[in-house]
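*Asks:* Give me a 3D structure for the following:
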Amino acid sequence: MQSGDKDLARTVRKELSRRALDITEVQVSCVNGLVHLNGRVKPLPGRVGDFDAEMDSIQKSLRTNSHIREVIFEWQTPYQSTGDKMKKDAARK
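*Replies:* Next comes the predicted model:
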């Protein structure tokens, strides 16, 4: 891993840690501006908030960073996204 890649990975981890999320099981790897996030992410215990909004905020923030060429999100969440929930609710009616 090059020095720039290490700095970029540190920047990504810092951005993730600003959120009300448990990212202890998330691996961050960066190669030439390509950021790969893999693992499990979940809300912090006792934190009430919109989980989907936090996830969207992270994606937008990372994608606007000029040093990041592309972001690949391959992480698992303990919840269905709001969109998936809405589709299931609509299908039941």
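
*Asks:* Quick one: the helices in this protein, in order.
*Replies:* 3-17, 51-63, 82-92 (DSSP state H).

*Asks:* same for the longest one, what does it pack against?
*Replies:* Identification of packing neighbours for helix 3-17 by 3 or more C-beta pairs under 8 Å, 6 or more residues apart in numbering; DSSP states H and E yields strand 21-31, strand 34-43, helix 51-63. C-beta: built from backbone N, CA, C; applies to glycine.

*Asks:* Now do that helix against helix 51-63: the angle between them, please.
*Replies:* Between helix 3-17 and helix 51-63, the angle comes out at 160 degrees (axes from the mean of the first three to the mean of the last three C-alpha atoms, to 10 degrees).

*Asks:* can you redo the helices of the chain as JSON lines with distance to His36 and mean neighbour count?
*Replies:* As requested, those are exported to JSON lines (distance: least, C-beta to C-beta, whole Å; neighbours: other C-beta atoms under 10 Å):
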{"stretch": "helix 3-17", "distance to His36": "10", "mean neighbour count": "15"}
{"stretch": "helix 51-63", "distance to His36": "11", "mean neighbour count": "15"}
{"stretch": "helix 82-92", "distance to His36": "23", "mean neighbour count": "10"}
